[in-house]
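S.K.: have a look; sequence and predicted model below, questions after that.
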Amino acid sequence: MTEVSEGLRRVPMRVWVAVFVVFSFVCSGGFGIEDMVSGSGPGFALLLLLVIPFVWGLPQALVCSELGSALPEDGGLYRWSRRANGQFMGFQTGWWWTLSIFVDSAVYIALTVDYMQNWFHFDSWVRWGIAIVLIAVFAYVNVRGIQLASSVLVVFQVLVFIPFFLLAVIGLANWHHNPFSPMLLHGNSLLGGVGVALSVGIWMYSGFESLSTMAGEIQKPQKVIPKALMITLPIVISFYVLSTMGGLSAVGRFQEWGTSGALDFMGVGRVVGGQILRYLFFVAMFAGNFALFLAFLGAGARPSYTLSKDKLAPKFLSKTHPKYGTPYAAILLMAAVDVVLVRNGFATLIVIDVFLLMLAHITIYISAIRLRINEPDLERPYRVGLGTPAFIAMCAVPITVAVFAMSPWGNGWDYFIWGTVAALTGPPAYFVFKRIYGGQKALDAERAATVQVAGDAAPVAGSATAPAGSPVVAPVAD
């Protein structure tokens, strides 16, 4: 059975399915950890995989659970920030996050077709054609709705889980090396180790906010999403740590680990389990990239839809499919942008991705703090069991981590400069869209007109044609 909300169709989602969806946003495989191992040292990489979830992943999951239960609406973090910080900062949050996801999602398809091009040696036009077909298929799945998309994600994540599980089991059973030794690379300082591995580790534990952008299309999201977030976090920690420990303890050779080195996870799989495990990792790589693209194509389109509903983006983006009840225009726009992005290089775009994502995450924590202070009586079906001072202290930790990751000392001057340039596109975009589409004033005028029409058409309460006690319609507050 389905419900309709703001033109969207709400559909049921079981908690275990939501766990697979959140796993797709946050993890979808451990690819990328190889660079942490060789860049900072195996011991330090494992230590970060154990520590980062408690200073980044856990606070993010807790805060998103509280905010998502209090404001279970499509748009997620955009609506949270707008409620807490006002229209301008709400727009900035949605803008920064959407830009980062536009870039991030396209990269997954680009990486996949790059692998295929390396194997089959076709030209760039064939590469682009394959990318367009893949984007079109996953756009169609998203237009069909969350139920179909989540079912496909479950299949993809099973394919991802199998080789990493086998690596953990077989690798730990053939322990020949201390996976924590050395802790740091020879001659590398603690700060140098952090600089190399922190951004990768943060990326590995990001994405807990993403399912909330689809809350308007899920039945009882204030119950389903918090449960899924809390279940997924320990699964992701175990997935990363045990598979990495399995590979290091069986293979060692940490200097050769790397996504472009001799020992990526496919190479590690071949050493540990032969060609069969290597091929399973090949399948997992494709399935993981497909799952990430499918998931973020859907999530990344929702803030655009909600901004359009709030008169801060082109009107056509608020169109919903008459049959499937999904924001198909926003989905197709994101797919079209991805078609363009996969044709070109990504060096500069990838640099700005992490910076914008960190900015959006900072506003999530600030929103949670402000709502705790300004709206203490706001109904929160899931509430983090901390008083407001302790809650603020908890949020301060990931905010500090994000600021460091954005700084030149965290990721270098290229990240900082290009990230700042990308972030500064937000204010002019806000003023342009507000001037064209009206923003809050246009929204209030539309609501007032709707109320006026409804009032003119409806019988007056207490009249001969309306029963006593009929409700009086009032304007909806922002």
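M.R.: Received the coordinates, thanks. The structure presented is a predicted model; accordingly, all values stated were derived computationally and were not measured. Residues are numbered from 1 along each chain as shown.
S.K.: residue ranges for the helices of the stretch 251-400 of the chain, please.
M.R.: Ranges of helices in the stretch 251-400 of the chain, per DSSP state H, counting those that start in this stretch, are 265-309, 328-341, 347-374, 388-406.
S.K.: domain assignment for this structure?
M.R.: 3-437, 439-478 (automatic domain parsing).
S.K.: hey, least reliable of those by pLDDT?
M.R.: When the domains of the chain are ranked by mean pLDDT, domain 439-478 comes last with a mean of 56.
S.K.: what's next to stretch 263-272, contact-wise?
M.R.: Stretch 263-272 is contacted by residues 29-31, 33-34, 163-164, 167, 170-171, 174, 246-247, 250-251, 253, 256-258, 261, 277-278, 280-282, 284-285 when judged by CB atoms under 8 Å, 6 or more residues apart in numbering. In short, each C-beta sits where N, CA and C put it, glycine included.
S.K.: now, of these, which are buried?
M.R.: Neighbour counting by 16 or more other CB atoms under 10 Å classes 29-31, 33-34, 163-164, 167, 170-171, 246-247, 250-251, 253, 256-258, 277-278, 280-282, 284-285 among these as buried.
S.K.: need the helices of the stretch 251-400 of the chain in TSV (columns: distance to Gly145).
M.R.: Putting these into TSV (distance: least, CB to CB, whole Å) gives the following:
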stretch	distance to Gly145
helix 265-309	9
helix 328-341	10
helix 347-374	26
helix 388-406	33
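S.K.: of the ones you listed, which is nearest Ile109?
M.R.: helix 265-309 (5.4 Å; CB to CB).
S.K.: now the closest one and helix 347-374, what's the angle there?
M.R.: If you take axes from the mean of the first three to the mean of the last three CA atoms, to 10 degrees, helix 265-309 sits at 60 degrees to helix 347-374.
S.K.: return the distance of helix 265-309 from the chain's centre.
M.R.: How far helix 265-309 lies from its chain's middle: 13 Å, per CA atoms, centre = their mean, to the nearest Å.
S.K.: hang on, the earlier thing: looking at the domains of the chain, which is buried most?
M.R.: Mean neighbour count (mean count of other CB atoms under 10 Å) peaks for domain 3-437 among these, with a mean of 20.
S.K.: before we move on, the earlier item: which ones among the contacts of stretch 263-272 are found in strands?
M.R.: Among the contacts of stretch 263-272, no member falls in strands (DSSP state E).
S.K.: end to end, how far does stretch 168-184 reach?
M.R.: Stretch 168-184 has its terminal residues 23 Å apart, counting by CA to CA, to the nearest Å.
S.K.: revised request: answer the last question for stretch 305-325.
M.R.: End-to-end distance for stretch 305-325, by CA to CA: 12 Å.
S.K.: same thing with stretch 303-321?
M.R.: Start and end residues of stretch 303-321 are separated by 17 Å (CA to CA).
S.K.: now swap in stretch 140-148 and tell me
M.R.: Counting by CA to CA, you get 10 Å between the two ends of stretch 140-148.
S.K.: please apply the same query to stretch 74-90.
M.R.: Using CA to CA, first and last residues of stretch 74-90 are 14 Å apart.
S.K.: and that stretch, how far from the chain's centre?
M.R.: 16 Å.
S.K.: make 41 the starting number, not 1.
M.R.: Renumbered: residue one is now 41, and that last one reads stretch 114-130.
S.K.: and Arg49, that's in a strand?
M.R.: Yes. If the criterion is DSSP: H, G, I helix; E, B strand; the rest coil, then Arg49 is within a strand.
S.K.: and it, how far from Glu486?
M.R.: To Glu486, Arg49 is 22 Å away according to CB to CB, to the nearest Å.
S.K.: in the stretch 91-240 of the chain, which spans are strands?
M.R.: Using DSSP state E, counting those that start in this stretch, no strands are found in the stretch 91-240 of the chain.
S.K.: okay, stretch 413-425 in CSV with CA atoms only?
M.R.: Provided in CSV are the C-alpha atoms of stretch 413-425 (Å, rounded to 0.1, in the frame of the first residue of the first chain):
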residue,chain,number,x,y,z
ILE,A,413,18.6,25.2,21.7
ASN,A,414,15.8,27.0,19.8
GLU,A,415,13.2,24.3,19.6
PRO,A,416,13.7,22.0,22.7
ASP,A,417,10.1,20.9,22.5
LEU,A,418,10.2,19.8,18.8
GLU,A,419,9.0,16.2,18.7
ARG,A,420,12.0,13.9,18.2
PRO,A,421,10.9,10.2,18.0
TYR,A,422,14.6,9.4,18.1
ARG,A,423,16.6,11.6,20.4
VAL,A,424,20.3,11.2,21.2
GLY,A,425,20.4,10.5,24.9
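S.K.: what does that stretch contact?
M.R.: Contacts to stretch 413-425, defined as CB under 8 Å, 6+ apart, come from residues 102-103, 105-106, 108-110, 124, 262-263, 266, 411, 428, 431, 434.
S.K.: pretty sure Ile439 is touching Tyr405, no?
M.R.: Yes. Using CB atoms under 8 Å, Ile439 makes contact with Tyr405 at a distance of 5.3 Å.
S.K.: give me the common contacts of the two.
M.R.: Common neighbours of Ile439 and Tyr405 (CB under 8 Å, 6+ apart) do not exist.
S.K.: re earlier: how about the contacts of stretch 413-425, which pair is most distant?
M.R.: Spanning the widest gap among the contacts of stretch 413-425 are Lys263 and Thr428, at 24.0 Å by CB to CB.
S.K.: Gly134 and Gly466: what is the separation?
M.R.: Separation of Gly134 from Gly466 (CB to CB): 9 Å.
S.K.: that should have said Leu212, apologies.
M.R.: 47 Å.
S.K.: swap in Tyr345?
M.R.: 18 Å.
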